[in-house]
Every structure is written in C-alpha cells, then in structure tokens.
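A.B. asks: below is the sequence, then the predicted model.
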Amino acid sequence: MLPTREIAEELLKEAEECNPGPWGDHSRIAARCAEKIAGECRDLDSDKAYILGLLHDIGRRFGVSHLKHVSDGYTYMMSLGYDEAARICLTHSFNNQTTDVYVGNFDTTEEELQMIQDVLKSIVFDEYDRLVQLCDSLAGSEGVLDIEERMNDVKKRYGFYPQEKWDKNIELKEHFEEKTGKNIYNLCRKMYISFMADRKRDNFRGE
C-alpha cells in the first residue's frame, strides 16, 4: 500500500520540520528522477516511482543518523500501513542486498540491525527497488550528480568505498539506460531544470 502523492509530500514536509536539512531536497530530486525514468519504462508507474523516491529517506525525520534511518523509516511507514514505502526505506541503502558493504555508522540496536537483515533476506528486489537505489545515488540536494564523482566523495569522507557497491551502482545506471534507450544523466538533468523552474514559479506566487 502507498500514500497518495499529496500525502507523501505532506509526510516529507512534516519530517523536515522535525529534522531540517538538505536531505529533504535530496528526496525531492530523487523522486523527480525516479518519476522521469519510470515514465520512459513500459513496466513502471511514474506516480508510484515518485512516491517511493520521495519517501525513501523518511526515517531521517527522527534525527541525524546513519544506518538507523533505514530501520526508523521502515518502522514508521509500516506503522502507517504503507508497506511498499516501508520496503523502499529499507532496500534503498543496499544495492547488493546485504548490510556487509554499508558505508556509514552502524548506529542501530542489535534488534534493529537483525530486522534489516531479516527483511533483506526475505525479499527479491524488483525494478522499483533498483530504480530508487539508482536515483538515491544520482540525487544531490542541489542537483543531479555524476555517480562516480559522488562515490569518490564518499570514499574521501569515509576512507573507503566497497568495489562491489561501486560496480553495482554503475550496473544500475547501465540497466536503466538500456531499458529507457536514453542517457540517464541527460534525462534527469532536463528534469532538474524543469523542477527548478517550477520551484521559482511557486516561490514567485508565494506558495
């Protein structure tokens, strides 16, 4: 089950009020990227892709965290009955379907970590899981990023970046380029121009 676009947008807005930060705009850009790419794929629904992209980081409403935002988001969405969004909150951080190559602090309880691992083992990734994983790696808070540049930045900050995670991100980009028949960077950067034009227009209207 999923919320409507309007409810998802309100959930993100409320979450930002609880924990302000650039993660909110990262989520919006990831959502727009997901919507745009899904619109080029016959087997994907662009509205669903947008909603999932918008809510993938909703666990950050509970404060600054690393791995914990995954379990927080999953638990929060499940409590609201949005199981499809809960799934994306959990799967978006693990493109290899394991916590072994997670880059960041393991700040969950043992029970939360076990829950994440159990859910990962119980599911088969679908195209929405893969799409949001891709868009999470593409979306900055101020624009669409080059995946390799972003991974290099993470590598500098943390001192490492697992090769298998790196390779999977490139594989996801190539997968959706083959699926859409288009360059993902070009597709998403055109979307971002439209996104910024909409935002400027809304700001001008005082919305």
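C.D. replies: Yep, that arrived.

A.B. asks: doesn't residue 161 make contact with residue 151?
C.D. replies: Yes. Between residue 151 and residue 161 a contact is recorded at 5.4 Å, counting by C-beta atoms under 8 Å. All C-beta spots, glycine's among them, are computed from the backbone N, C-alpha and C.

A.B. asks: ok, residue 189 - contacts?
C.D. replies: Applying C-beta atoms under 8 Å, 6 or more residues apart in numbering to residue 189 gives the contacts 143-144.

A.B. asks: how about the helices in this structure?
C.D. replies: Using DSSP state H, the helices of the chain run over residues 5-18, 23-38, 46-55, 68-79, 83-91, 110-122, 127-138, 147-158, 163-180, 184-205.

A.B. asks: give the buried residues for the fourth one.
C.D. replies: Pointing back at helix 68-79 there. Neighbour-count burial for helix 68-79, counted by 16 or more other C-beta atoms under 10 Å, picks out 68-77.

A.B. asks: next one: it to chain centre, how far?
C.D. replies: Distance of helix 68-79 from its chain centroid, counting by C-alpha atoms, centre = their mean, to the nearest Å, is 14 Å.

A.B. asks: residue ranges with poor pLDDT in the protein?
C.D. replies: Filtered on pLDDT under 70, the chain yields the residue ranges 195-207.

A.B. asks: and the spatially most central residue of it, what does it touch?
C.D. replies: What sits nearest the mean C-alpha location of the chain, by C-alpha atoms, centre = their mean, is residue 136, with 3.9 Å. Applying C-beta under 8 Å, 6+ apart to residue 136 gives the contacts 30, 56-57, 92-93.

A.B. asks: okay, the helices of the chain in a markdown table with distance to residue 61 next?
C.D. replies: Shown next, in a markdown table, are those (distance: least, C-beta to C-beta, whole Å):
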| stretch | distance to residue 61 |
| --- | --- |
| helix 5-18 | 3 |
| helix 23-38 | 9 |
| helix 46-55 | 10 |
| helix 68-79 | 7 |
| helix 83-91 | 11 |
| helix 110-122 | 16 |
| helix 127-138 | 17 |
| helix 147-158 | 23 |
| helix 163-180 | 26 |
| helix 184-205 | 22 |
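
A.B. asks: for residue 103, which of those helices is the nearest?
C.D. replies: Of all the helices of the chain, it is helix 147-158 that lies closest to residue 103, at 5.6 Å by C-beta to C-beta.

A.B. asks: now do that closest one: everything it contacts.
C.D. replies: 103-104, 137-138, 140, 161, 166, 169-170, 173.

A.B. asks: let's see that helix as CSV, backbone CA atoms only.
C.D. replies: Coordinates of each C-alpha in helix 147-158 appear next as CSV, following Å, rounded to 0.1, in the frame of the first residue of the first chain:
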residue,chain,number,x,y,z
ILE,A,147,27.5,8.8,-9.8
GLU,A,148,31.3,8.2,-9.9
GLU,A,149,32.0,11.7,-8.5
ARG,A,150,29.6,11.1,-5.7
MET,A,151,31.1,7.7,-4.9
ASN,A,152,34.6,9.3,-4.9
ASP,A,153,33.4,12.0,-2.5
VAL,A,154,32.0,9.3,-0.1
LYS,A,155,35.3,7.4,-0.4
LYS,A,156,37.2,10.6,0.6
ARG,A,157,34.9,11.2,3.6
TYR,A,158,34.9,7.6,4.9
